[in-house]
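>>> Provide a 3D model corresponding to the input given below.
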Amino acid sequence: KQSEKEEAIALNKTINVTLSNGEVVGVLLGNEEELVSPNGVRFKVQWGADENGNLIIVDTKESTVTQKSIVVTVPEGVGAGELVQVEVEGQSFNVTVPENHPPGSTFNATAYVEPKTTNLSLLSDSTMVKISETEVQERVTKLHTSFAQQAGASFAKNLSLQSRKWLTNCCLVIIPIIFIVIILMLQLLLEILFLGQPTVRCPYCGPANDSFASSYCNGASSCADYFFPLSSNKQDLTNKYNAACKQVSLTCGGNGNDACFQPQLATAGQYAFCPINAGIKQPNLAYNTPKQFRSATPILYTQENKGNTFANNVANKLISSLDDFSDKLTASAKLKTQTLYTLLVTPQVGCGNVAGVDETFKSQMCGLIQAGEGTKDPCC
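Have a look, this model is predicted:
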(Lines give C-alpha, C1' and ligand atoms only; values in the text may rest on other atoms or scores of the structure.)
Protein backbone atom coordinates (compact mmCIF):
# COMPACT_ATOMS: atom_id res chain seq x y z
CA LYS A 1 0.00 0.00 0.00
CA GLN A 2 2.81 2.37 0.90
CA SER A 3 4.66 1.54 -2.33
CA GLU A 4 1.53 2.31 -4.35
CA LYS A 5 1.20 5.68 -2.58
CA GLU A 6 4.84 6.57 -3.29
CA GLU A 7 4.44 5.61 -6.94
CA ALA A 8 1.18 7.59 -7.26
CA ILE A 9 2.84 10.69 -5.79
CA ALA A 10 5.86 10.29 -8.09
CA LEU A 11 3.72 9.77 -11.22
CA ASN A 12 0.81 12.03 -10.13
CA LYS A 13 -1.79 9.27 -10.55
CA THR A 14 -5.40 10.30 -9.81
CA ILE A 15 -8.79 8.60 -9.57
CA ASN A 16 -12.27 10.15 -9.92
CA VAL A 17 -14.56 10.24 -6.86
CA THR A 18 -18.29 10.99 -7.18
CA LEU A 19 -19.75 12.96 -4.25
CA SER A 20 -23.34 12.87 -2.99
CA ASN A 21 -24.23 16.07 -4.89
CA GLY A 22 -23.15 14.46 -8.16
CA GLU A 23 -19.86 16.36 -8.28
CA VAL A 24 -16.90 14.40 -9.71
CA VAL A 25 -13.50 15.21 -8.17
CA GLY A 26 -10.06 13.88 -9.13
CA VAL A 27 -8.15 12.55 -6.07
CA LEU A 28 -4.46 11.61 -5.92
CA LEU A 29 -4.20 7.84 -5.52
CA GLY A 30 -3.67 6.95 -1.86
CA ASN A 31 -4.35 10.47 -0.52
CA GLU A 32 -6.08 10.15 2.88
CA GLU A 33 -6.12 13.85 3.80
CA GLU A 34 -9.36 15.82 4.02
CA LEU A 35 -10.05 17.49 0.66
CA VAL A 36 -12.38 20.30 -0.51
CA SER A 37 -14.26 20.06 -3.81
CA PRO A 38 -14.70 23.12 -6.09
CA ASN A 39 -18.26 23.43 -4.73
CA GLY A 40 -17.02 23.53 -1.14
CA VAL A 41 -17.83 19.98 -0.13
CA ARG A 42 -15.33 18.58 2.36
CA PHE A 43 -14.64 14.87 2.04
CA LYS A 44 -12.10 12.20 2.93
CA VAL A 45 -11.34 8.99 1.03
CA GLN A 46 -10.54 5.71 2.76
CA TRP A 47 -8.31 3.36 0.76
CA GLY A 48 -7.79 -0.39 0.66
CA ALA A 49 -6.07 -2.93 -1.58
CA ASP A 50 -7.47 -5.56 -3.92
CA GLU A 51 -6.15 -9.09 -4.44
CA ASN A 52 -3.41 -7.82 -6.77
CA GLY A 53 -2.19 -5.22 -4.30
CA ASN A 54 -3.63 -2.25 -6.21
CA LEU A 55 -5.19 0.62 -4.25
CA ILE A 56 -8.98 0.94 -4.42
CA ILE A 57 -11.53 3.23 -2.78
CA VAL A 58 -13.21 1.59 0.19
CA ASP A 59 -15.30 4.51 1.46
CA THR A 60 -15.87 8.25 0.91
CA LYS A 61 -16.91 10.34 3.89
CA GLU A 62 -18.27 13.86 3.36
CA SER A 63 -18.05 16.22 6.30
CA THR A 64 -20.25 19.06 4.84
CA VAL A 65 -23.48 19.78 6.78
CA THR A 66 -26.38 21.09 4.67
CA GLN A 67 -28.82 23.63 6.17
CA LYS A 68 -32.47 22.75 5.43
CA SER A 69 -35.57 24.92 6.14
CA ILE A 70 -38.56 22.83 7.23
CA VAL A 71 -42.19 23.48 8.27
CA VAL A 72 -43.22 21.70 11.47
CA THR A 73 -46.85 21.07 12.59
CA VAL A 74 -47.38 21.09 16.35
CA PRO A 75 -48.92 17.74 17.31
CA GLU A 76 -51.74 17.32 19.82
CA GLY A 77 -50.73 17.36 23.45
CA VAL A 78 -47.50 19.34 22.87
CA GLY A 79 -47.14 22.84 24.16
CA ALA A 80 -44.60 25.69 23.90
CA GLY A 81 -41.06 24.79 24.95
CA GLU A 82 -41.49 21.07 24.38
CA LEU A 83 -39.58 19.01 21.82
CA VAL A 84 -41.05 17.65 18.63
CA GLN A 85 -39.23 14.90 16.66
CA VAL A 86 -39.16 15.38 12.91
CA GLU A 87 -37.49 13.40 10.10
CA VAL A 88 -35.64 15.03 7.22
CA GLU A 89 -33.99 12.98 4.42
CA GLY A 90 -34.00 9.91 6.62
CA GLN A 91 -32.41 11.69 9.60
CA SER A 92 -34.24 12.47 12.89
CA PHE A 93 -34.12 15.89 14.57
CA ASN A 94 -35.64 17.34 17.77
CA VAL A 95 -37.22 20.78 17.33
CA THR A 96 -38.45 23.01 20.20
CA VAL A 97 -42.01 24.39 19.87
CA PRO A 98 -41.92 28.20 20.09
CA GLU A 99 -44.32 30.35 22.11
CA ASN A 100 -47.86 31.12 20.88
CA HIS A 101 -48.07 27.94 18.76
CA PRO A 102 -50.97 25.77 19.95
CA PRO A 103 -51.46 22.19 18.71
CA GLY A 104 -52.35 22.05 14.98
CA SER A 105 -50.43 25.25 14.14
CA THR A 106 -47.24 25.31 12.08
CA PHE A 107 -43.87 27.01 12.44
CA ASN A 108 -40.61 27.22 10.45
CA ALA A 109 -37.44 25.49 11.72
CA THR A 110 -33.92 24.83 10.47
CA ALA A 111 -32.36 21.34 10.28
CA TYR A 112 -28.65 20.70 9.71
CA VAL A 113 -28.55 17.61 7.52
CA GLU A 114 -25.36 15.58 7.08
CA PRO A 115 -24.84 14.18 3.60
CA LYS A 116 -25.18 10.48 3.07
CA THR A 117 -21.95 8.46 3.06
CA THR A 118 -21.10 7.05 -0.34
CA ASN A 119 -20.27 3.41 0.28
CA LEU A 120 -18.53 1.86 -2.67
CA SER A 121 -18.70 -1.69 -1.39
CA LEU A 122 -19.52 -4.21 -4.09
CA LEU A 123 -22.25 -5.86 -2.01
CA SER A 124 -25.04 -4.19 -0.04
CA ASP A 125 -27.23 -5.69 2.66
CA SER A 126 -30.01 -6.31 0.14
CA THR A 127 -27.77 -8.12 -2.35
CA MET A 128 -25.44 -9.91 0.06
CA VAL A 129 -25.49 -13.68 -0.32
CA LYS A 130 -26.09 -15.65 2.86
CA ILE A 131 -23.72 -18.61 3.28
CA SER A 132 -23.27 -21.13 6.05
CA GLU A 133 -20.29 -21.48 8.39
CA THR A 134 -19.28 -24.71 6.63
CA GLU A 135 -19.17 -22.95 3.27
CA VAL A 136 -17.09 -20.17 4.79
CA GLN A 137 -14.60 -22.72 6.11
CA GLU A 138 -14.43 -24.43 2.71
CA ARG A 139 -13.70 -21.10 1.00
CA VAL A 140 -10.98 -20.32 3.57
CA THR A 141 -9.38 -23.72 2.90
CA LYS A 142 -9.45 -23.15 -0.86
CA LEU A 143 -7.93 -19.68 -0.49
CA HIS A 144 -5.09 -20.98 1.69
CA THR A 145 -1.71 -20.63 -0.04
CA SER A 146 1.59 -22.37 0.73
CA PHE A 147 4.76 -20.63 1.81
CA ALA A 148 6.28 -21.14 -1.64
CA GLN A 149 3.30 -19.44 -3.29
CA GLN A 150 3.44 -16.54 -0.84
CA ALA A 151 7.18 -16.18 -1.31
CA GLY A 152 6.80 -16.30 -5.10
CA ALA A 153 4.06 -13.67 -5.02
CA SER A 154 6.12 -11.44 -2.74
CA PHE A 155 9.16 -11.84 -5.02
CA ALA A 156 7.07 -11.07 -8.13
CA LYS A 157 5.58 -7.98 -6.47
CA ASN A 158 8.99 -6.69 -5.34
CA LEU A 159 10.47 -7.41 -8.76
CA SER A 160 7.65 -5.44 -10.37
CA LEU A 161 8.16 -2.53 -7.98
CA GLN A 162 11.94 -2.51 -8.38
CA SER A 163 11.70 -2.72 -12.16
CA ARG A 164 9.87 0.60 -12.08
CA LYS A 165 12.75 2.11 -10.11
CA TRP A 166 15.50 0.95 -12.45
CA LEU A 167 17.31 4.27 -12.35
CA THR A 168 17.58 4.20 -8.55
CA ASN A 169 18.76 0.58 -8.59
CA CYS A 170 21.37 1.36 -11.24
CA CYS A 171 22.69 4.19 -9.07
CA LEU A 172 22.85 1.87 -6.05
CA VAL A 173 25.05 -0.53 -8.04
CA ILE A 174 27.17 1.89 -10.06
CA ILE A 175 28.03 4.50 -7.41
CA PRO A 176 29.93 2.06 -5.10
CA ILE A 177 31.84 0.72 -8.12
CA ILE A 178 32.79 4.28 -9.12
CA PHE A 179 34.06 5.02 -5.61
CA ILE A 180 36.09 1.79 -5.55
CA VAL A 181 37.68 2.67 -8.91
CA ILE A 182 38.50 6.18 -7.64
CA ILE A 183 40.12 4.76 -4.50
CA LEU A 184 42.17 2.26 -6.54
CA MET A 185 43.31 5.04 -8.87
CA LEU A 186 44.33 7.19 -5.90
CA GLN A 187 46.21 4.25 -4.42
CA LEU A 188 47.97 3.64 -7.75
CA LEU A 189 48.93 7.31 -8.07
CA LEU A 190 50.18 7.31 -4.47
CA GLU A 191 52.26 4.22 -5.19
CA ILE A 192 53.72 5.64 -8.40
CA LEU A 193 54.34 9.20 -7.23
CA PHE A 194 55.34 8.58 -3.62
CA LEU A 195 55.58 5.05 -2.20
CA GLY A 196 57.23 3.58 -5.29
CA GLN A 197 60.21 5.97 -5.16
CA PRO A 198 63.58 4.96 -3.64
CA THR A 199 63.48 8.10 -1.49
CA VAL A 200 60.95 6.43 0.83
CA ARG A 201 62.60 2.99 0.95
CA CYS A 202 65.58 1.73 2.90
CA PRO A 203 68.55 1.09 0.57
CA TYR A 204 68.53 -2.59 -0.36
CA CYS A 205 71.67 -4.09 -1.84
CA GLY A 206 70.61 -7.68 -2.47
CA PRO A 207 70.67 -9.42 -5.86
CA ALA A 208 67.96 -8.13 -8.20
CA ASN A 209 67.06 -11.53 -9.63
CA ASP A 210 64.82 -12.81 -6.80
CA SER A 211 61.12 -12.11 -6.26
CA PHE A 212 61.61 -9.79 -3.27
CA ALA A 213 64.13 -7.55 -5.06
CA SER A 214 62.01 -7.51 -8.23
CA SER A 215 59.15 -5.96 -6.23
CA TYR A 216 61.20 -3.83 -3.83
CA CYS A 217 63.48 -2.40 -6.51
CA ASN A 218 60.60 -1.90 -9.01
CA GLY A 219 61.96 -4.43 -11.50
CA ALA A 220 65.34 -2.67 -11.87
CA SER A 221 68.21 -4.74 -13.28
CA SER A 222 70.33 -3.76 -10.26
CA CYS A 223 69.17 -2.61 -6.83
CA ALA A 224 72.42 -0.68 -6.45
CA ASP A 225 71.64 1.34 -9.60
CA TYR A 226 68.03 1.83 -8.42
CA PHE A 227 68.99 3.35 -5.05
CA PHE A 228 72.31 4.92 -6.09
CA PRO A 229 72.21 5.94 -9.78
CA LEU A 230 75.67 6.44 -11.24
CA SER A 231 76.73 10.04 -11.78
CA SER A 232 79.06 11.43 -14.43
CA ASN A 233 81.03 13.06 -11.62
CA LYS A 234 83.44 10.37 -10.43
CA GLN A 235 83.89 12.18 -7.11
CA ASP A 236 80.14 11.99 -6.40
CA LEU A 237 79.38 10.11 -3.17
CA THR A 238 76.56 8.26 -4.92
CA ASN A 239 79.07 6.44 -7.11
CA LYS A 240 80.94 5.27 -4.02
CA TYR A 241 77.71 4.01 -2.44
CA ASN A 242 76.81 2.25 -5.68
CA ALA A 243 80.06 0.30 -5.63
CA ALA A 244 79.66 -0.57 -1.94
CA CYS A 245 76.10 -1.72 -2.53
CA LYS A 246 77.15 -4.01 -5.39
CA GLN A 247 79.82 -5.53 -3.17
CA VAL A 248 77.22 -6.31 -0.47
CA SER A 249 74.98 -8.02 -3.05
CA LEU A 250 77.65 -10.72 -3.50
CA THR A 251 77.43 -11.95 0.10
CA CYS A 252 74.17 -10.82 1.79
CA GLY A 253 72.05 -13.66 0.40
CA GLY A 254 69.09 -11.69 -1.01
CA ASN A 255 65.39 -12.58 -0.63
CA GLY A 256 64.82 -9.72 1.79
CA ASN A 257 67.61 -10.75 4.19
CA ASP A 258 68.30 -8.10 6.86
CA ALA A 259 71.97 -8.12 5.87
CA CYS A 260 71.02 -6.74 2.43
CA PHE A 261 69.55 -3.56 3.92
CA GLN A 262 72.15 -0.86 4.41
CA PRO A 263 70.88 1.81 6.87
CA GLN A 264 74.35 3.40 6.96
CA LEU A 265 73.92 4.39 3.30
CA ALA A 266 70.40 5.80 3.83
CA THR A 267 69.42 9.45 3.82
CA ALA A 268 67.42 10.95 6.68
CA GLY A 269 64.17 10.27 4.82
CA GLN A 270 65.13 6.68 3.93
CA TYR A 271 66.37 5.73 7.37
CA ALA A 272 62.86 5.78 8.86
CA PHE A 273 61.92 2.87 6.55
CA CYS A 274 64.90 0.66 7.49
CA PRO A 275 64.40 -2.49 9.61
CA ILE A 276 65.41 -2.21 13.26
CA ASN A 277 67.53 -4.98 14.77
CA ALA A 278 66.16 -5.52 18.28
CA GLY A 279 67.54 -7.81 20.98
CA ILE A 280 70.84 -9.58 21.43
CA LYS A 281 72.59 -10.67 18.26
CA GLN A 282 74.78 -13.76 18.33
CA PRO A 283 78.34 -12.92 17.21
CA ASN A 284 79.78 -14.68 14.18
CA LEU A 285 82.53 -17.11 15.03
CA ALA A 286 84.07 -16.86 11.57
CA TYR A 287 83.40 -15.59 8.10
CA ASN A 288 80.94 -17.82 6.23
CA THR A 289 81.91 -17.93 2.57
CA PRO A 290 78.94 -17.54 0.18
CA LYS A 291 77.90 -20.73 -1.55
CA GLN A 292 78.95 -19.59 -5.01
CA PHE A 293 82.51 -18.96 -3.78
CA ARG A 294 83.00 -22.25 -1.94
CA SER A 295 85.41 -24.88 -3.31
CA ALA A 296 84.13 -28.26 -4.35
CA THR A 297 87.18 -29.81 -2.53
CA PRO A 298 87.73 -27.72 0.63
CA ILE A 299 90.98 -28.02 2.65
CA LEU A 300 90.87 -28.29 6.47
CA TYR A 301 93.66 -26.16 8.01
CA THR A 302 94.24 -27.41 11.58
CA GLN A 303 97.70 -26.29 12.69
CA GLU A 304 100.05 -23.40 12.41
CA ASN A 305 102.86 -23.93 9.93
CA LYS A 306 105.14 -20.94 9.53
CA GLY A 307 106.47 -22.41 6.35
CA ASN A 308 103.09 -22.53 4.65
CA THR A 309 102.63 -18.88 3.73
CA PHE A 310 99.50 -19.41 1.63
CA ALA A 311 97.68 -21.32 4.35
CA ASN A 312 98.55 -18.67 6.93
CA ASN A 313 97.25 -15.89 4.65
CA VAL A 314 93.96 -17.75 4.24
CA ALA A 315 93.67 -18.27 7.99
CA ASN A 316 94.41 -14.63 8.72
CA LYS A 317 91.57 -13.60 6.44
CA LEU A 318 89.18 -16.00 8.14
CA ILE A 319 90.17 -15.05 11.71
CA SER A 320 91.97 -11.78 12.22
CA SER A 321 93.70 -12.99 15.43
CA LEU A 322 93.44 -15.69 18.04
CA ASP A 323 92.51 -13.07 20.62
CA ASP A 324 89.60 -11.96 18.46
CA PHE A 325 88.50 -15.58 18.10
CA SER A 326 88.61 -16.03 21.89
CA ASP A 327 86.51 -12.91 22.41
CA LYS A 328 83.87 -14.24 20.08
CA LEU A 329 83.76 -17.56 21.90
CA THR A 330 83.35 -15.74 25.22
CA ALA A 331 80.56 -13.57 23.80
CA SER A 332 78.78 -16.66 22.50
CA ALA A 333 79.01 -18.34 25.92
CA LYS A 334 77.49 -15.26 27.62
CA LEU A 335 74.72 -15.15 25.07
CA LYS A 336 73.97 -18.82 25.70
CA THR A 337 73.81 -18.24 29.46
CA GLN A 338 71.50 -15.23 29.09
CA THR A 339 69.18 -17.17 26.81
CA LEU A 340 68.93 -20.12 29.21
CA TYR A 341 68.25 -17.84 32.17
CA THR A 342 65.48 -16.18 30.14
CA LEU A 343 63.87 -19.58 29.52
CA LEU A 344 64.02 -20.46 33.22
CA VAL A 345 62.35 -17.26 34.42
CA THR A 346 59.67 -17.33 31.74
CA PRO A 347 56.22 -17.96 33.38
CA GLN A 348 54.84 -21.48 32.93
CA VAL A 349 58.01 -22.68 31.17
CA GLY A 350 61.07 -22.64 33.47
CA CYS A 351 61.23 -22.79 37.23
CA GLY A 352 57.45 -22.44 37.67
CA ASN A 353 55.85 -25.65 38.91
CA VAL A 354 53.56 -26.24 35.96
CA ALA A 355 52.20 -29.66 35.05
CA GLY A 356 53.60 -30.99 31.80
CA VAL A 357 57.10 -29.40 32.04
CA ASP A 358 59.76 -32.09 32.18
CA GLU A 359 62.02 -31.81 35.24
CA THR A 360 64.85 -33.38 33.24
CA PHE A 361 64.59 -30.49 30.79
CA LYS A 362 64.96 -28.01 33.65
CA SER A 363 67.98 -29.83 35.10
CA GLN A 364 69.68 -29.98 31.70
CA MET A 365 69.26 -26.24 31.20
CA CYS A 366 70.59 -25.62 34.70
CA GLY A 367 73.62 -27.82 33.98
CA LEU A 368 74.44 -25.77 30.88
CA ILE A 369 74.23 -22.55 32.91
CA GLN A 370 76.44 -23.99 35.67
CA ALA A 371 79.02 -25.08 33.11
CA GLY A 372 79.08 -21.61 31.57
CA GLU A 373 79.39 -19.82 34.92
CA GLY A 374 81.76 -22.28 36.59
CA THR A 375 79.40 -22.90 39.56
CA LYS A 376 77.18 -25.65 40.92
CA ASP A 377 74.64 -23.44 42.69
CA PRO A 378 71.00 -24.44 41.98
CA CYS A 379 69.35 -22.39 39.23
CA CYS A 380 65.74 -22.30 40.48
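>>> give the residue spans of the stretch 201-350 of the chain that score low on pLDDT.
Scanning the stretch 201-350 of the chain for pLDDT under 70 picks out 277-290, 299-331, 344-350.
>>> go with 80
Where the stretch 201-350 of the chain drops to pLDDT under 80, the residues are 232-236, 268, 276-350.
>>> sec struct for the spatially most central residue of the chain, please.
Centroid-nearest residue in the chain, with C-alpha atoms, centre = their mean: Pro176, separated by 11.9 Å. Here Pro176 is helix, with the state taken from DSSP: H, G, I helix; E, B strand; the rest coil.
>>> quick check: which element contains Gly367?
For Gly367, the host element (DSSP states H and E) is helix 359-373.
>>> buried residues in that helix, which are they?
Buried residues in helix 359-373, defined by neighbour count with 16 or more other C-beta atoms under 10 Å: Lys362, Met365, Cys366, Ile369, Gly372. Where you see a C-beta, it was placed from the backbone N, CA and C, and this is true even at glycine.
>>> how distant is that helix from the center of its chain?
54 Å (C-alpha atoms, centre = their mean, to the nearest Å).
>>> and what of stretch 9-19?
From the chain centre to the centre of stretch 9-19 is a distance of 42 Å (C-alpha atoms, centre = their mean).
>>> in contact with Ala266, which residues?
Cys202, Pro203, Cys274 (C-beta atoms under 8 Å, 6 or more residues apart in numbering).
>>> which of those lies closest to Ser211?
Cys202 (18.0 Å; C-beta to C-beta).
>>> count of residues packed around the closest one?
By the criterion of other C-beta atoms under 10 Å, Cys202 has 19 neighbours.
>>> coming back round to it: what's the helix holding Gly367 packed up against?
helix 322-345 (3 or more C-beta pairs under 8 Å, 6 or more residues apart in numbering; DSSP states H and E).
>>> and for Leu19, nearest residue in space, chain neighbours not counted?
Val41 (5.4 Å; C-beta to C-beta, 6 or more residues apart in numbering).
>>> and that neighbour, how many residues sit next to it?
Val41, neighbours per other C-beta under 10 Å, totals 18.
>>> skip the chain neighbours and tell me the closest residue to Thr14.
Using C-beta to C-beta, 6+ apart, the closest residue to Thr14 is Gly26 (4.3 Å).
>>> bridging residues for that neighbour?
Gly26 forms beta bridges with Asn16, as assigned by DSSP bridges.
>>> average pLDDT for whatever helix or strand Phe43 lives in, rounded please.
Here Phe43 sits within strand 42-49, counting by DSSP H and E. In this model, strand 42-49 has an average pLDDT of 81.
>>> my read is that the residue nearest to Thr14 contacts Asn12, right?
No. At 10.3 Å, Gly26 does not count as touching Asn12 under the criterion of C-beta atoms under 8 Å.
>>> hang on, the earlier thing: tell me the spacing between the residue nearest to Leu19 and Thr60.
10 Å (C-beta to C-beta, to the nearest Å).
>>> now do the shared contacts for those two.
Between them, Val41 and Thr60 share the contacting residues Leu19, judged by C-beta under 8 Å, 6+ apart.
>>> circling back to that earlier point, and the contacts of Ala266 as TSV, adding distance to Val248?
Converted to TSV, the contacts of Ala266 look like this (distance: C-beta to C-beta, whole Å):
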residue	distance to Val248
Cys202	13
Pro203	10
Cys274	14
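>>> can I get those residues in JSON lines with secondary structure and distance to Gln235?
Shown next, in JSON lines, are these (DSSP: H, G, I helix; E, B strand; the rest coil; distance: C-beta to C-beta, whole Å):
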{"residue": "Cys202", "secondary structure": "coil", "distance to Gln235": "25"}
{"residue": "Pro203", "secondary structure": "coil", "distance to Gln235": "20"}
{"residue": "Cys274", "secondary structure": "coil", "distance to Gln235": "26"}
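>>> and these, which is closest to Leu340?
Cys274 (31.4 Å).
>>> could you pull up phi and psi at the closest one?
phi -80, psi 150 (degrees, to the nearest 10).
>>> burial count for it?
Cys274 is flanked by 18 other residues according to other C-beta under 10 Å.
>>> OK, contacts around it?
Cys274 makes contact with Cys202, Pro203, Phe261, Pro263, Ala266, according to C-beta under 8 Å, 6+ apart.
>>> Val36 now?
Arg42.
>>> for it, list each beta-bridge partner.
Arg42.
>>> and it, how far from Leu186?
Counting by C-beta to C-beta, the gap from Val36 to Leu186 is 57 Å.
>>> tell me how far stretch 94-112 lies from the chain's centre.
That offset, for stretch 94-112, works out to 79 Å (C-alpha atoms, centre = their mean).
>>> tell me which residues of that stretch come out buried.
Neighbour counts using 16+ other C-beta under 10 Å place Val95, Val97, His101, Phe107, Ala109, Ala111 of stretch 94-112 among the buried residues.
>>> do the same with stretch 189-207
Those would be Pro198, Arg201, Cys202, Pro203, Tyr204, Cys205, Gly206, Pro207, for stretch 189-207 by 16+ other C-beta under 10 Å.
>>> what about the fifth one, distance to Cys252?
When C-beta to C-beta is the yardstick, Tyr204 and Cys252 sit 9 Å from each other.
>>> who touches both of those two?
In contact with both Tyr204 and Cys252: Cys260, using C-beta under 8 Å, 6+ apart.
>>> can you give me the distance of the residue nearest to Gln262 when sequence neighbours are not counted to Asn233?
Distances taken as C-beta to C-beta, 6+ apart put Pro203 closest to Gln262, at 4.8 Å, once the chain neighbours are dropped. Separation of Pro203 from Asn233 (C-beta to C-beta): 20 Å.
>>> do the same with Gly206
27 Å.
>>> what of Phe361?
63 Å.
>>> kindly report the same for Gln149.
Between Gln149 and Asn233 the distance is 86 Å, computed by C-beta to C-beta.
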